[in-house]
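Peer 1: fold the following.
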Amino acid sequence: MKHLDNQLSIFRDLLQTEVKISEDKVDSIASTIATEIENIKDTLKSEILLASPVPLETRLEELSCFQTMMDTINKIRPRPEIVRSQVMTQNYVCFVYLKDTLFEVLRKKSETGSITKKCAKYLLNNPVRAFRNPIAHGNWKYKDDFSGLEFWAHKDNSESDIMTKYQ
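Peer 2: Predicted coordinates for the structure are as follows:
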């Protein structure tokens, strides 16, 4: 988990201000979540199994393959078409693939006030929700100069016909 703790360290300020993670926990957030999940793993496992017909082992295998791909790609000289594919895959895996089968379960079953519950809530609510839905429904594109993404989402949870553009 130390590797993941280190990867998340660049989000230290956001984790403290937006997710409300205390300063003493922010540098070991992945390790803390792993410990919290270990303490409720039996409940979580049964809930995750109920949330999806895809076996848990298959999901873990896919996530492991995804991490291997990311590590491999990050070692080569960046090429625009590879980076674009990487961004698309990363956004799908991180925000869509895990939503119903993991984030929703963690939000429901984690202890109130736990780091796991705080992170799950953050990943399920706006502004992350407003980003995830366009990724899931194809309502996004690269900016003309490829410096970022433009995406369209319904404000709040409404399903009105009008979508708001974000950058």
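Peer 1: just want the most central residue of the protein.
Peer 2: In the chain, the residue lying closest to the centroid (Cα atoms, centre = their mean) is C94, at 3.8 Å.
Peer 1: and it, how far is that from N39?
Peer 2: Distance, C94 to N39, using Cβ to Cβ, to the nearest Å: 24 Å. From N, CA and C alone the C-beta is placed, and that goes for glycine too.
Peer 1: what about the longest strand in this structure?
Peer 2: Determined from DSSP state E, the single longest strand within the chain is strand 149-153.
Peer 1: what about that one, distance to the chain center?
Peer 2: 17 Å (Cα atoms, centre = their mean, to the nearest Å).
Peer 1: list the strands paired with the helix or strand following it, with their directions.
Peer 2: Following strand 149-153 in sequence order, the next helix or strand is strand 164-166 (DSSP states H and E). Applying DSSP bridges to the sheet, strand 164-166 is found paired with strand 149-153 (antiparallel).
Peer 1: how about the partner strand as CSV, C-alpha atoms only?
Peer 2: Extracted C-alpha coordinates of strand 149-153, given in CSV (Å, rounded to 0.1, in the frame of the first residue of the first chain):
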residue,chain,number,x,y,z
LEU,A,149,-11.4,17.5,-21.4
GLU,A,150,-14.7,19.2,-22.1
PHE,A,151,-17.7,17.3,-20.8
TRP,A,152,-21.4,17.9,-20.5
ALA,A,153,-23.5,16.8,-17.5
